[in-house]
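S.K.: everything below, folded, please.
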Amino acid sequence: MASKVGGKETFRVKTLVGRHMCGRVFGNKSASVNWIAQVLIDRFVNVASLSVNQIIDDIKKSFSVGITAWKAGTAKQIALDSLVGDGDRQYARLYDYVGELLRVKCGTFKIKVNQPQPSLPPRFGSFYMCLEGCKQGFLGSCRPFIGVDGCHLKTTYGGQLLVVVGRDPNDQYFPLAFVVVENEYKETWRWFLSQLLDDIGSTECQRWVFISDQQKGLMTVFDELMDGVEHRLDLMMGAAKATYEKEWEKKMGELKATNIDAYNWLLGIPTKSWCKHAFSTYCRCDVFINNLSESFNSTILLARDKPIITMMEWIRTYIMKRFATLREKAMTYPGVVMPKPRKRFDKEIKKSGNWIPTWAGAENFQVTHDFTMDKFVVDLSNNSCSCYSWDLIGIPYRHAIAAISYKVQNPEHYVHVYYKKPAYVTCYAPEIVPINGQQMWPTSENTPLLLPPIYKTPPGRPKKLRREADEPVSHTRLSKKHAIMKSSSCKEFGHNVRSRRRKKNTRGTSSVGGSGSRPRSEAEAPSTSQGPAARATSTTHNGSSRGQAGPSLSGAAAASRSQDAGRTTSGLGAHHLGSQASTT
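M.R.: Reported below is the predicted structural model:
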């Protein structure tokens, strides 16, 4: 123990214990919530990934201090607010954020406010963002193929993030535009797609191809805003892969023989929405699965639990780094055809050896399979084949490669420019403009204070893993959705120990008259004429070890045994039900 001497910077040691015999004590009141939060900020980049137990263990190992779960949870929330910002304040600064983005001419940004009555304060409705570099790259060299999708936000206010992605020359996703909305329905999709058409040109939309998972209200919006546009549905089946009509009819015949209901259901859907043989060739893309949109949603998973400005800045910064990285990689790539299309191209070259070309004159060939004797017509002058694969994709199919090899030409020259290096360089040539931090943002004047949306927090802990029906989700534990239960007591399938015990207790209480009835006295015991029923009840409740002795008992003994078993079972049943009620 020491104390300060007067007003001087001198301390006097009054008590000194030179040797301690006590054990380690982890309790320390000096470990306040603010101190723990500062430790989390200094030591961890992503505090959101830490659980409360991990925070407790790290503080104990690093500082030999034990903290409570309440302190750990509160400190984590303080650290998150300091690192990613507070949600309420970020909605209020959304206009300032847009002002900074517009100052550097970073793209197009729109805020939609919900204010049902003039007397009510304005609240956040929707926020649209389309970066200028993304727009230029898409219009410069990307195929006119657009995927639309949505994902849930894991914040206090909920909401959804709707995204639009394209396909770059390397068949990877190309982020184009985003919008944060309260809910996904017809009007939000209409507002989003209207802003998108204004950005990238509504006059060319008739030649674009959209693909989606048939989100809520999206089908109607496509019909209203883009009448006649090709809209592909995310369906997967054998008939959908057929590139010419006769092959499609064959697959549909096989489906009809297997499942007539599925056959009739597919006939009710226009073939241009899900069949390759009916797709247009303008976009040079045969995709009918919306995997690229799902991949981008998986990429931004870490940002979906952050406040709105932090989330949009995370996405903008990610795109800025992605453009810069891929721009440098494109400069050093030695090939002509980009890697992913090249892999598909090499596969077709390998399989072209089974096709024998016969020259018909000029640039026309008849190509025959050496085993099945299937025949197709190839026209090199029009980059066309009767199988429709080359026309649809833009990459020479095996039939065409056989004909090109006959003329001793390089098949790479027939690959469409969409898949080549110059298009890739043009795609990522625009630069995403950087912006300043919040301390230098301009203050928006004459703008109302924007309040966050009204959102009722659902019961339970928010789920941060993706729950999409058509894509795999990585877990550390296996799902029990379709697992078959097995009892560890009787080793039988169809139930576990808990449900088996509950069934036994239910049968026991019902046979005695209910767990709520009082035990009968000796005078109320059943007579010997009720022996068989009593023996049956005794056998049921006493288990397999007593079941063999039951038939040898007399009527009175069996009745007595049944009475005792009924008392025991009734008591256990009431106690068990009481435990369940208290736990619930």
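S.K.: how near is Arg123 to Pro448?
M.R.: Separation of Arg123 from Pro448 (CB to CB, to the nearest Å) stands at 10 Å. (C-beta placed from N, C-alpha, C; glycine too.)
S.K.: and these two? Which one has more around it.
M.R.: More neighbours surround Arg123 than the other of Arg123 and Pro448, with 17 against 13 (other CB atoms under 10 Å).
S.K.: could you check the pLDDT of that one?
M.R.: Arg123 is assigned 91 on the pLDDT scale.
S.K.: which residues touch it?
M.R.: Arg123 sits next to Val113, Asn114, Gln115, Leu450, Leu451, Pro452, Pro453, Ile454 when contact means CB atoms under 8 Å, 6 or more residues apart in numbering.
S.K.: Phe222 too?
M.R.: Phe222 neighbours (CB under 8 Å, 6+ apart): Phe210, Val229, His231.
S.K.: quick one: least confident of the residues you listed?
M.R.: Val229 (71).
S.K.: that one and Trp208 touch, don't they?
M.R.: Yes. Counting by CB atoms under 8 Å, Trp208 is a contact partner of Val229 at 6.3 Å.
S.K.: more neighbours: the two, which one.
M.R.: Trp208 (20 against 15).
S.K.: and the contacts of Phe222, which is closest to Val13?
M.R.: For Val13, the nearest member of the contacts of Phe222 is Phe210. The distance, counting by CB to CB, is 79.4 Å.
S.K.: who does the helix or strand encompassing the closest one pair up with?
M.R.: Assigned by DSSP states H and E, Phe210 belongs to strand 209-212. Strand 209-212 has these partner strands in its sheet, going by DSSP bridges: strand 145-152 (parallel), strand 230-233 (parallel).
S.K.: ranking those by mean pLDDT, which is last?
M.R.: Ranked by mean pLDDT, the strands paired with strand 209-212 end with strand 230-233 at the bottom, a mean of 73.
S.K.: hmm, who's touching that strand?
M.R.: Strand 230-233 is contacted by residues 208-212, 214, 219, 222, 269, 272-274, 279-280, 287-288 when judged by CB under 8 Å, 6+ apart.
S.K.: let me know which of the strands paired with strand 209-212 is the nearest to Phe296.
M.R.: From those, taking CB to CB, the stretch that ends up closest is strand 145-152, at 7.8 Å.
S.K.: and the next helix or strand past the closest one?
M.R.: Heading C-terminal from strand 145-152 (DSSP H and E), you reach strand 160-167.
S.K.: ok, Thr426 touching Cys142?
M.R.: No. Under the criterion of CB under 8 Å, Thr426 makes no contact with Cys142, lying 9.4 Å away.
S.K.: so for those two, which residue has more residues nearby?
M.R.: Using other CB under 10 Å, the more surrounded residue of Thr426 and Cys142 is Cys142, with 23 against 16.
S.K.: which neighbours do Arg123 and Pro448 share?
M.R.: Shared contacts of Arg123 and Pro448, defined by CB under 8 Å, 6+ apart, are found at Val113.
S.K.: what about Arg284, which SS state?
M.R.: Under DSSP: H, G, I helix; E, B strand; the rest coil, the three-state class of Arg284 is coil.
S.K.: could you find the closest non-adjacent residue to it?
M.R.: Using CB to CB, 6 or more residues apart in numbering and skipping the chain neighbours, the partner closest in space to Arg284 is Gly394 (3.6 Å).
S.K.: can you count the residues close to the one you found?
M.R.: When counting by other CB under 10 Å, one arrives at 21 neighbours for Gly394.
S.K.: against Arg143, how distant is it?
M.R.: Gly394 sits 9 Å away from Arg143, taking CB to CB as the criterion.
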